[in-house]
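Peer 1: This is a predicted model, with the sequence first.
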Amino acid sequence: MQRFTVLITLDHLRRYAVARSLFKPTTLKGAFQRMGFVQADPIRAPARAQDLILRHRAKDYHAGDLERLYSKLEIEEDFFVVYGFMTKSIHALMHPRSDAGVPAEGPREWPAARKKRAQLVLRFVRQRGEAHPREVDSFFLTAESGTTGVGCRALPLICWRPCIIAACCA
């Protein structure tokens, strides 16, 4: 029985990784159909995650194209392991979510302060109509004197807690 030794170099691994994670640039919609999910991150150092991910996968992609073309792409924003953009078919698999709580928190009851904040955020969104988490954050930054990140934290949590929506409607 003969044994063969295969020497794998860093260059081999690099080519393998690139060949499987990057594909020939396509349309922005085509890139989403192929990947299904793109992580979002508002931090611009060196650039937002979605722009870094899409610039090599979507033909002629420029920073901000995702947000400008969002309504035409048939995608949704939600939490999958992290916050991001996903195709409607993947989004449909994730909903409805049970009232088991956010996975990291478990099924524990929310503290009264968090319930109240979630109800305020939900009321704001209902009065305003569609709202981006940044708009919610800027509203609560002035309204609650210094609280930031409310929209980014509360909106996804509300998706997991239908009881908050029911309480707010009452």
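Peer 2: Here it is on my side, so go on.

Peer 1: quick one, what contacts the residue nearest in space to the middle of the chain?
Peer 2: With distances taken as CA atoms, centre = their mean, the residue of the chain nearest its centroid is Gly84 (1.9 Å). Taking CB atoms under 8 Å, 6 or more residues apart in numbering, we find Gly84 in contact with Phe37, Val38, Gln39, Ala40, Gln50, Glu77, Asp78. For the C-beta atoms, the positions are set from N, CA and C on the backbone; glycine is no exception.

Peer 1: which residues in this structure form strands?
Peer 2: 37-39, 75-79, 83-87 (DSSP state E).

Peer 1: Below-threshold pLDDT in the protein: ranges please.
Peer 2: 97-108, 133, 140-170 (pLDDT under 70).

Peer 1: Rebuild the strands of the chain as JSON lines, extending it with distance to His95.
Peer 2: Rendered in JSON lines, the data for the strands of the chain read as follows (distance: least, CB to CB, whole Å):
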{"stretch": "strand 37-39", "distance to His95": "15"}
{"stretch": "strand 75-79", "distance to His95": "8"}
{"stretch": "strand 83-87", "distance to His95": "11"}
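
Peer 1: Tell me which of these is the most buried.
Peer 2: Across those, averaging neighbours per residue (mean count of other CB atoms under 10 Å) puts strand 83-87 on top, at a mean of 21.

Peer 1: That one versus strand 75-79: what angle between them?
Peer 2: Orientation note: strand 83-87 sits at an angle of 140 degrees relative to strand 75-79 (axes from the mean of the first three to the mean of the last three CA atoms, to 10 degrees).
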